[in-house]
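Asks: here is my input; please provide its structure:
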Amino acid sequence: MDFFTAQDHARRNTGRLVFFFLLAVVSLIVLTNLLVMATLGYFHTGSPHSGVDWQIFFGVGAVVLIIVAGGTVYKISALSGGGDAVAAMFKAEPIFTDDPDLDHQKVVHVVEEMAIASGTPVPQVYMLKESGINAFAAGFTTSDAIIAVTRGAAKKLNREQLQGVIAHEFSHILNGDMRLNIRLIGILHGILLIGLVGYQILRGASHSRSSRKGSGGLFFMALGLIAIGYAGTFFGKLIKSAVSRQREFLADAAAVQFTRNPDGIGGALIKIGSGKEGSLLLNPKSEEISHAFFGQGVAVTFESLFATHPPLAERIKRILPGWDGVFPKETVLPDEAITRSGSTPNPAAEAVSGLTGAVVMDQIGRPDETHLNQAKLLLRGIPEIFQKAVRDPFAARAVLLYLVLDQDEEIRTKQLEQLKKAAERGVYPETLRLIRAGDNISQEHRLPLVELALPTLHRISKEQAHHFLDNLDSLIRADGRITLFEWCLQTIISQNLLEYFDKPSRPAAQINDLNQVTQDCTVVLSILVHATRHTGITAVDVFSSAVKELAQTDMDLIPPKQLSLARLDHSLMVLKRLKPQPKALLIKACVTCVLADGRIEPVEAELLRGVAATLSVPMPPLIPDEPLT
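Replies: Predicted coordinates for the structure are as follows:
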């Protein structure tokens, strides 16, 4: 299943979720009405009431709808902070690369490599104080995504097993499962509120029984609502089971493709089966998000009916067909030396020879071992001073500002003067420190640095983020022009920070027909054609080959003088609303523009990834013509 099909699949899962939710609500309305009518004596022998009182029925139904919908909206609103809000539910602690704990370093390094390889922003990493082996990804978008790992997973799994677990979680990030998971948390909370209302009525009835007549009926109704609450729990578990299981098989398969190492994720699952704690978590909040865990996080009765995950042995057999079915006795691994990678093979030559539009499209959202190895090489090649700087909130801002400093001495002096006046205290000195270090950043390391810095910038305040974006914009405009790299950099950073801090609402209407956005597609493709260099092929021919991917006939190449980056921004904001399948056609056309002559240069790769990032499409690193060393 490719990335765009997976996105469609996630949308269909949302439809299934809505269906199950409505079914559960209808059932709660019927059960609550039966309870109310029984309390009012409708079913007593000789009762003056006969038939169904529809006025009462619809009144009770409206109250149930208000309670369930209100509880759902409240819970989703409470989790509007994305992955960080879910981590806060568990009182998880953020961990960083400079943490003295070697296990923490190991986890963060693996997450960073996976993020760079998959073309997504590096998510913040959290540690759960649990001895069971488990993990989860949470968030609404890749901008606010987090990955949480239990202390047991960090301690008991070796690097390749941990890599398999993290790859599994990245599959959920790439396939759009995280948003569905948070919606599911909200829906289940709404369904369970009926039972909580029963508890509150029961408490009130208990206090009033001795002083008020007729409180017996109220007491009976409270008990009935609590029972209905248990029915809500039943529906909730059924919904989680129905939505979650198949996604786990898909994520397992994606993890194997990502790492090319079935022994990694397979070994992690065997470790779960071998340990006393397995993957179970003790945190009382575990039930709410059990559907998002790597392994079964809570104990279940009627496992085949209520389990949110497939049986452990079945998952292992699918990954390791030769497994003998034996779970060896658990052993605790000694702490390992933390390194980015050992002797990592250079994948560049193989990747360049097979780099075609079809290959690139197949890799979107489905990174493999080649991209993982390339990510390790990229991270290892970043100068140490910059690797350390992107971990600190002040220095990380300085790194990104450093990347847009002009090579012309006069313009750079002007930029630094602006920065000295406008930058927040601490940012300007850090920028000067990076300049004095004298280490130049090569083109292929620029975007990885940006992606490493983004989770660090999530630790600053919203006001600081907007202030930083203003400083970045002023430095970029200091020379009176904006280069394509500067546009890519600014687009990726601003989109990530604005999505994280401002939580823009999702576009109301999605676009399913490219005929509605022909002009916007023409703008994007024209800019790509004029901005990239091709050998042995004209700009018109490049444009024509790209247009064929869209099956359009009424598109003409726009001259450079009629194009601008502002026009590009506008068109991309419109095209971001495309549904997955038409968006796939557009991305394929963009890839065709860049690869028209069979070559890819770093600046072209940056531009393509900038466009893809704006359209919320994770573009893995494209291997440049010159192998990295």
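Asks: CA atoms for contacts and neighbours, from now on please.
Replies: Noted.
Asks: quick one, phi/psi of residue 600?
Replies: Backbone dihedrals for residue 600, given as degrees, to the nearest 10, come out at phi -140, psi 120.
Asks: kindly report the same for residue 576.
Replies: Backbone geometry at residue 576, expressed as degrees, to the nearest 10, gives phi -60, psi -20.
Asks: which ones are touching it?
Replies: 614, 615, 616 (CA atoms under 8 Å, 6 or more residues apart in numbering).
Asks: ok, residue 431 next?
Replies: Contacts for residue 431 were tallied using CA under 8 Å, 6+ apart; they are 395, 398, 399, 401, 402.
Asks: which strand or helix spans the nearest residue to residue 391 once chain neighbours are set aside?
Replies: In space, residue 391 comes closest to residue 456 once its chain neighbours are excluded; the distance is 5.9 Å by CA to CA, 6 or more residues apart in numbering. Assigned by DSSP states H and E, residue 456 falls within helix 446-457.
Asks: only C-alpha atoms, please: export that helix in PDB.
Replies: The C-alpha trace of helix 446-457 is given here as PDB (Å, rounded to 0.1, in the frame of the first residue of the first chain):
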ATOM      1  CA  ARG A 446      21.000  22.000   5.400                       C
ATOM      2  CA  LEU A 447      17.500  20.300   5.500                       C
ATOM      3  CA  PRO A 448      18.600  17.700   8.000                       C
ATOM      4  CA  LEU A 449      19.700  20.500  10.300                       C
ATOM      5  CA  VAL A 450      16.300  22.200   9.900                       C
ATOM      6  CA  GLU A 451      14.500  19.000  10.800                       C
ATOM      7  CA  LEU A 452      16.700  18.400  13.900                       C
ATOM      8  CA  ALA A 453      16.100  21.900  15.100                       C
ATOM      9  CA  LEU A 454      12.200  21.800  14.800                       C
ATOM     10  CA  PRO A 455      11.500  19.800  18.000                       C
ATOM     11  CA  THR A 456      13.900  22.100  19.900                       C
ATOM     12  CA  LEU A 457      11.900  25.100  18.700                       C
END
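Asks: beyond it, next helix or strand please.
Replies: Remark: after helix 446-457, the chain's next helix or strand is helix 462-476, criterion DSSP H and E.
Asks: assign the closest residue to residue 153 other than its chain neighbours to helix, strand or coil.
Replies: Distances taken as CA to CA, 6+ apart put residue 133 closest to residue 153, at 4.3 Å, once the chain neighbours are dropped. Local secondary structure at residue 133 is given as coil here, using DSSP: H, G, I helix; E, B strand; the rest coil.
Asks: list the contacts for residue 133?
Replies: Shown in contact with residue 133 (CA under 8 Å, 6+ apart): 150, 151, 152, 153, 156, 272, 277, 278, 279, 280, 295.
Asks: let's see that with 7 Å instead.
Replies: Contact analysis of residue 133 by CA atoms under 7 Å, 6 or more residues apart in numbering lists 150, 152, 153, 272, 278, 279.
Asks: in strands only, show me those.
Replies: Using DSSP state E, the subset of these located in strands is residue 150.
Asks: where's the dip in pLDDT among the contacts of residue 133?
Replies: In terms of pLDDT, residue 278 ranks lowest among these, with 88.
Asks: just give the nearest non-adjacent residue to residue 143, would you?
Replies: residue 496 (5.1 Å).
Asks: re earlier: and of the contacts of residue 576, the nearest to residue 421?
Replies: Nearest to residue 421 among these, counting by CA to CA, is residue 614 at 31.0 Å.
Asks: helix or strand with the lowest mean pLDDT in this protein?
Replies: One helix or strand of the chain scores below all others by mean pLDDT, DSSP states H and E: helix 348-353, with a mean of 37.
Asks: that's a strand at residue 125, yeah?
Replies: Yes. Assessed by three-state DSSP, residue 125 belongs to a strand.
Asks: pLDDT score for the residue lying closest to it once chain neighbours are set aside?
Replies: Nearest non-adjacent residue to residue 125, counting by CA to CA, 6+ apart: residue 147, 5.0 Å away. Note on residue 147: pLDDT of 96.
Asks: show me what contacts residue 26?
Replies: Applying CA under 7 Å, 6+ apart, no residues qualify as near residue 26.
Asks: element containing it?
Replies: Using DSSP H and E, residue 26 maps to helix 3-39.
Asks: and the next element down the chain from that helix?
Replies: helix 54-78.
Asks: in that next one, what's buried?
Replies: In terms of neighbour count (16 or more other CA atoms under 10 Å), helix 54-78 has its buried residues at 57, 60-61, 64-65, 67-76.
Asks: for that helix, which outside residues touch it?
Replies: So helix 54-78 is contacted by 29, 33, 182, 183, 186, 187, 189, 190, 191, 193 (CA under 7 Å, 6+ apart).
Asks: farthest-separated two in these?
Replies: Pairwise distances across those peak at 29.7 Å for 33 and 182 (criterion: CA to CA).
Asks: of those two, which one has the most company?
Replies: Shown here are residue 33 and residue 182; by other CA atoms under 10 Å, residue 182 has more neighbours (24 against 21).
Asks: grab the nearest non-local neighbour of that one.
Replies: Nearest residue to residue 182 in three dimensions, chain neighbours excluded: residue 76, at 6.9 Å (CA to CA, 6+ apart).
Asks: re earlier: who are the packing partners of the helix or strand where the residue nearest to residue 125 lies?
Replies: Assigned by DSSP H and E, residue 147 belongs to strand 146-150. For strand 146-150, the elements it packs on are strand 124-128, strand 135-138, judged by 3 or more CA pairs under 7 Å, 6 or more residues apart in numbering; DSSP states H and E.
Asks: list the buried residues of the shortest one.
Replies: Of the residues in strand 135-138, those buried under the neighbour-count criterion (16+ other CA under 10 Å) are 135, 136, 137, 138.
Asks: hang on, the earlier thing: most neighbours out of the contacts of helix 54-78, which is it?
Replies: Using other CA under 10 Å as the neighbour criterion, residue 191 leads the contacts of helix 54-78 with 29 neighbours.
Asks: wait, it sits on residue 234?
Replies: No. Counting by CA atoms under 7 Å, residue 191 stays clear of residue 234, with 10.1 Å between them.
Asks: sorry, back to before: show me what the helix holding residue 456 is in contact with.
Replies: The contact list for helix 446-457, computed with CA under 7 Å, 6+ apart, reads 116, 121, 122, 123, 124, 390, 391, 392, 393, 396, 400.
Asks: now, the most widely separated pair of these?
Replies: Most distant of the contacts of helix 446-457, by CA to CA, are 116 and 393, 19.9 Å apart.
Asks: higher neighbour count, those two?
Replies: Taking other CA under 10 Å, residue 116 and residue 393 do not tie; residue 116 has more neighbours (26 against 19).
Asks: where along the stretch 451-600 of the chain do the strands fall?
Replies: Assigned by DSSP state E, counting those that start in this stretch, the stretch 451-600 of the chain shows no strands.
Asks: quick one: the helix or strand encompassing residue 235 to chain centroid distance?
Replies: Assessed by DSSP H and E, residue 235 sits inside helix 215-259. A distance of 23 Å separates the centroid of the chain from that of helix 215-259, by CA atoms, centre = their mean, to the nearest Å.
Asks: show the contacting residues for residue 108.
Replies: By CA under 7 Å, 6+ apart, the residues touching residue 108 are 96, 97, 125.
Asks: pLDDT-wise, what's the bottom of these?
Replies: residue 97 (80).
Asks: so that residue sits right up against residue 103, yeah?
Replies: No. Using CA under 7 Å, residue 97 and residue 103 do not qualify as a contacting pair, with a distance of 10.1 Å.
Asks: and those two? Which one has more around it.
Replies: residue 103 (22 against 18).
Asks: in which helix or strand does residue 428 reside?
Replies: Following DSSP H and E, one finds residue 428 within helix 427-437.
Asks: whoops, I mixed them up, residue 183
Replies: For residue 183, the host element (DSSP H and E) is helix 177-208.
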